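Visitor: Dropping a prediction and its sequence here:
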Amino acid sequence: MLTTLFGFSQENLLTFKHTSIDDGLSQNTVNCIYQDKLGFMWFGTQDGLNRFDGYQYLHFKNERSNPNSLSDNYIWELYEDDANTLWIGTFGGGLNSMDLTTGEIKNYKHKPEDPNKFPSNRIFSITEYPKGILWLGCNEGLIRFDKETKKSRLFLSKKNTEGTLEDNYVGIVVADNYGSLWLRSDKGLTQFDTTKNEAVFYQKSPFSNNIDLGDIFDIKKIGNKMLVSCNAGVIEIDPIQRKDTLLIATPTVKIDNRLPTIKKMLVLKNQRIILGTNIGLLIYNLRTNQYETFTQDPEDTKSLSHSDVISLFQSNEGIIWVGTRNGLNKIEKEKPDFIHIRSIAGKKRLSNKNVNSFMEENDSLLWVGTTDGLNLYNKKNNSFTIFRKEENKSKGLQTNYILCLFKDSKGRKWIGSRRNGFYRIENNYKIQQIDPNDEQALSTSIHFITEDKEGNLWLGTGGAGLWKYNPEENTLKKYGPAKDGNGTSHPYVFTILIDSKENFWLGTPTGGLNLFNPKTEKFLYFLNNPENNNSLSNDIVLSLFEDQQNYLWIGTNGGLNKLVQKLESNMFNELLHQTKQGNDSLFQNFGQQQGFPNEVIYGILSDASQKLWLSTNKGLVVFDPQKEKVVQLYDVSHGIQSNEFNQNAYYKDHFQNFHFGGVDGFNIFHPDSITGNQYLPPVVITNLSLFNNPVKVGTPKKDDNEFLLPKNIAYLKNLNLSWKHDMITLDFAALNYISPEKNSYSYKLEGFNDDWVNSTTHTATYTNLDPGDYTFKIKTSNSSNLWNNEETQIKIHINNPPWKRWYAYVIYLLLASGAFYIFTKNRIEKATRKIRIQNQIEKARIEERESFRKRSSRDFHDEAGTKITRISLITELVKRMTTHTPEIQNHLKQIDDNLQELNTGMRDFIWALDPTKDNVYETLIRFTDFAAPFCEVAGIQFHVGDIPKKLEGYQLNMASRRHIVLILKEALNNSIKHSSPSLITFTTYLDGNTLTLSLKDNGKGFDLKNVTQGHGLKNMKERAQTIHAVLSIHSKVNEGTEIVLKVQTTQEGK
């Protein structure tokens, strides 16, 4: 594994990212740092409070005309309680509380005119013990503040009898787990018993009493123990075991002739403590008792922004935040994945930031070639020995421009230079230029050096093709450029690979890939064919690599290529045969379609899982040959030296550590040790805008139409909007501060579009939203593309417009009902008037008809009755005169019978014509008057049921009366004639307006199945149908017959 790079050293390997007023901070002196429960970062400065979400800063300051603002801009301390209230200690404005859910701010200030109120306006420290009670350190002593009653009480002050401090100062308050407060006071370390309200002051260590504490600077609670920084160093106090230990003695290291004062402490994992001092940052390793020192370096943009450290904090993802007097600093990883070795002007560091090559000297020493000098890097102490050209000396390096480095099988170290040939590094680090008795060798650029199995060196030159050098004989053989297979395809040879099968591969600029046969000294060329996607993708070949499966990988200016045929011995002849056959489909190409951000491939290395690590012009690319796609990208935000790397600046040492160089130094890392960002951040909705206008939090004023949120939207679960709010914008942030610009998001608005939308922006806008219910869901991934699948959501209800609300529909219903009522009423009145008129007309007609019927009945009775009576008298007279003439008597009898029938029919007709008889009662009486004598003559008993007088009130029209009487007469006649009864019974029954008539005899009856319908029965049924009556016949043999007739009547007056 990578040799540990941390040791006691003024120079170090950690880098700092800076934030200042230019980046959004309200002011550069960062007094305090805090992270709330949602994950927002808070920074208190000398000019305002800042909330940071990874993208932007929200400022809180005093506004004179706004009582809901901070009482003072000088922020000293921050603390959040369980009720989402942020308590803010200021240096001049007392105590402030901010309800994070609503943004409401309250002030608690000291007023000289009211000494019983809040005791002080300078609040240095805030702690809570027990819940509901705040203890505040201030310039007047120790304050006990009850959050519920808002009452305060002052302790340890000369202003009351409980005070014993000389100048009342309490700068730090920390509660332990046993009811005591540990204070930084003007008397040093103070222990205050909250149950007894008593204080104990310590000038020496509390229990061993053998350590002079001096001034107290910081106090931290770690588990059950207390850490105290003081003049002596860092003391660990165990209140239960009553032990104290000098954990860290004050460092004696001087920076700018000043000794450190440990002002702040931050305890890390792995036995490390960060100490913020007045001269920089110290990271102390408790296991090794060694320091790492970090100070401001004006020449190093990645050093501390200022050496005076005044605040420290570690956020949820492990970032170390360092507040200084000149801005905020961020260490994204305590132990970075990529060690970055840089060149810093004026320092004994890397001689130049442009790195071209590497070579391992031993476990701890590494040779690094740059464009301005050769460096021997000591990994253990992070130091450099630099080798440069010495003026006016013919020996040693004759140029500072190093192109390549190589260590051969005998341990000899070789240097290739720009325009000055090649060199050998002797064991005493003396450098000797190689002169093989060839002037060209002393002035040619050597881009690459490798070795064959015979010990010969093969040199890729700049302008002279390929050279073969025999170190033992100091002889040189050249293979210059040619186009006929007798030389290289280009004068420049950038890279050389002698594969495991002893094939010689050469990479050239614009000359493609060359395969060299050292036996025949012939060359085979592979070039790009624009018409064939399976030819070499680009003619500029920058790197070559053989993997464990014996496949050749070629890095070009146009992507990564793989020779599809496995490497074999004597491959030259096989490929020569294929090319002669016209086959140039020999390669598989990989580029942007497989996820490459850039297709310039400077270097190729393989890790233990056989993934390829490629250096490009847009960072490091990890390519999986099995999946044939890019699986990871690393850019400058992850700690690599730059997004741009250099050709041939890639190397794997025997520890399997990777080295990649570029335009700003180089990186050292082990691929298996890269953890990336494992923190899965929460995502928070940070802002709501309506029609691109941010919505504020507050309570709407009366008669004010401004829409306000009841709470900060980050704390809202449900959102109700007006129908007018059909364009909304939601801002959100993943509260992950490791390269937050690389956070990604996936969101959707259920009810509008149920598909997830993937985005790298942190805002979503929706327009033309209809009234209804929606659910906005959002999830996020961090800078390492790890997704937190725990969704954040908010339910959104957009109200219907007034004309679509329930009460509107009630109004619509009432209006429609009213309209329908009026319409119906008018129709009814119109119809009623029409009916009334028709009734009047009908009544007039009826009256006229009844009048006509009365006159006709009377006249017909008078005229026809007189005539019949006269005929009857004449017939009677003739009968008397012809008593002796039988024939005449018979004729007269026939005349008399007919007159009687005519008289009976006439009376029936006159009766039917008489309108005064148009009722049920008269109809039934008419029938019984006929039936009684008729049955008597036939010797049959006729029994009539009750016919109530009330039946006069039930009307029957003339036709119905006539047909009813005729039906009954026909039934009576049939009974007497065919049934031979001794008793006939007539009964009536009225049910509502339905009149039921029954004529029943006790005669012999008949079988209904065998009866044939004669004219009488047929006439009865036809008459019943005519008046819409129901006629039924019931009869059984020897059980009599019953005729039932049901007729509808009309009650008079209805």
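Guide: That came through fine.

Visitor: Name the residue most distant from the centre of the protein?
Guide: No residue in the chain sits farther from the centre than H884, which is 131.6 Å out by Cα atoms, centre = their mean.

Visitor: Contact partners for A345?
Guide: By Cβ atoms under 8 Å, 6 or more residues apart in numbering, the residues touching A345 are E299. The way it works is simple: take the backbone N, C-alpha and C, and place the C-beta from them, glycine included.

Visitor: list the buried ones in stretch 877-891?
Guide: The neighbour-count check on stretch 877-891 (16 or more other Cβ atoms under 10 Å) flags K879 as buried.

Visitor: contacts for that stretch?
Guide: 892, 896.

Visitor: Give me the distance between the two termini of that stretch.
Guide: This stretch, stretch 877-891, spans 14 Å end to end (Cα to Cα, to the nearest Å).

Visitor: Figure out how far that stretch is from the centre of its chain.
Guide: Centroid separation for stretch 877-891 versus its chain: 126 Å, with Cα atoms, centre = their mean, to the nearest Å.

Visitor: which strand of this structure spans the most residues?
Guide: Counting residues, the longest strand in the chain under DSSP state E turns out to be strand 787-798.

Visitor: Need the three-state assignment for the residue farthest from the centre of the chain.
Guide: Here H884 is recorded as coil under DSSP: H, G, I helix; E, B strand; the rest coil.

Visitor: what's the pLDDT at it?
Guide: On pLDDT, H884 comes in at 71.

Visitor: circling back: show me which parts of the longest strand of the chain are buried, residue by residue.
Guide: Going by neighbour count (16+ other Cβ under 10 Å), the buried part of strand 787-798 is 788, 792, 794, 796, 798.

Visitor: same question, stretch 171-184
Guide: Of the residues in stretch 171-184, 171-176, 180-184 count as buried by neighbour count, 16+ other Cβ under 10 Å.

Visitor: Quote the end-to-end distance of it.
Guide: With Cα to Cα as the measure, stretch 171-184 spans 5 Å from end to end.

Visitor: now what about that stretch, what contacts it?
Guide: Here stretch 171-184 makes contact (Cβ under 8 Å, 6+ apart) with 124-129, 135-137, 142, 156, 170, 185, 189-195, 199, 216-221, 224, 226, 228, 237, 239-240.

Visitor: ok, now with 6 Å
Guide: For stretch 171-184, contacts defined as Cβ atoms under 6 Å, 6 or more residues apart in numbering pick out 124-125, 127, 129, 135, 137, 170, 190-195, 216, 219, 221, 224, 226, 239.

Visitor: do the same with stretch 238-255
Guide: By Cβ under 6 Å, 6+ apart, the list of residues contacting stretch 238-255 from outside reads 176, 178, 205-208, 211, 225, 233-237, 260, 279, 284, 295.

Visitor: Please narrow those to those residing in strands.
Guide: Cross-referencing the contacts of stretch 238-255 against strands under DSSP E gives 225, 233-237, 284.

Visitor: Pick out the most distant pair among those.
Guide: Pairwise distances among the ones in strands among the contacts of stretch 238-255 were taken by Cβ to Cβ; the largest, 17.8 Å, belongs to I237 and Y284.

Visitor: Helix, strand, or coil at K1021?
Guide: Of the three states, K1021 takes helix under three-state DSSP.

Visitor: Nearest residue to it in space, please, no chain neighbours.
Guide: Once flanking residues are discounted, K1021 sits nearest to L1031: 5.7 Å by Cβ to Cβ, 6 or more residues apart in numbering.

Visitor: Then that neighbour would be within a strand, right?
Guide: Yes. Counting by three-state DSSP, L1031 is located in a strand.

Visitor: how deep is it tucked in, by neighbour count?
Guide: Neighbour count of L1031, defined by other Cβ atoms under 10 Å: 19.

Visitor: separation between it and K701?
Guide: Distance of L1031 to K701, given as Cβ to Cβ, to the nearest Å: 86 Å.

Visitor: Kindly report the same for A482.
Guide: Using Cβ to Cβ, A482 is found at 89 Å from K701.

Visitor: Compare neighbour counts for those two and give me the winner.
Guide: Between A482 and K701, A482 has the larger neighbour count (other Cβ under 10 Å), namely 12 against 9.

Visitor: Could I get the phi/psi values of the more buried one?
Guide: phi -160, psi 160 (degrees, to the nearest 10).

Visitor: can you give me the helices for the stretch 751-900 of the chain?
Guide: Per DSSP state H, counting those that start in this stretch, the stretch 751-900 of the chain carries helices over the ranges 806-881, 886-913.

Visitor: lowest-confidence stretch among these?
Guide: Ranked by mean pLDDT, these end with helix 886-913 at the bottom, a mean of 67.

Visitor: and which of the buried residues of strand 787-798 is nearest to N839?
Guide: When the buried residues of strand 787-798 are ranked by distance to N839 (Cβ to Cβ), I798 comes first, at 59.2 Å.

Visitor: That closest one: what's it in contact with?
Guide: With Cβ under 6 Å, 6+ apart, I798 has these contacts: 721, 769, 771.

Visitor: Turn these into a markdown table, columns for neighbour count, distance to Q290 and pLDDT.
Guide: Below are the contacts of I798 laid out as a markdown table (neighbours: other Cβ atoms under 10 Å; distance: Cβ to Cβ, whole Å; pLDDT from 0 to 100):
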| residue | neighbour count | distance to Q290 | pLDDT |
| --- | --- | --- | --- |
| L721 | 19 | 60 | 95 |
| L769 | 18 | 61 | 94 |
| P771 | 15 | 67 | 95 |
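
Visitor: Wait, H762 touches F732, no?
Guide: Yes. Taking contacts as Cβ atoms under 6 Å, H762 lies within contact range of F732: 5.5 Å.

Visitor: quick one: which helix or strand includes the nearest residue to I402 once chain neighbours are set aside?
Guide: In space, I402 comes closest to G369 once its chain neighbours are excluded; the distance is 3.1 Å by Cβ to Cβ, 6+ apart. Applying DSSP states H and E as the criterion places G369 in strand 365-370.

Visitor: got it, and P700?
Guide: Under DSSP H and E, no helix or strand contains P700.

Visitor: What is the burial count for it?
Guide: For P700, the neighbour count with other Cβ under 10 Å is 11.

Visitor: And for the one 5 residues further on?
Guide: Using other Cβ under 10 Å, N705 has 8 neighbouring residues.
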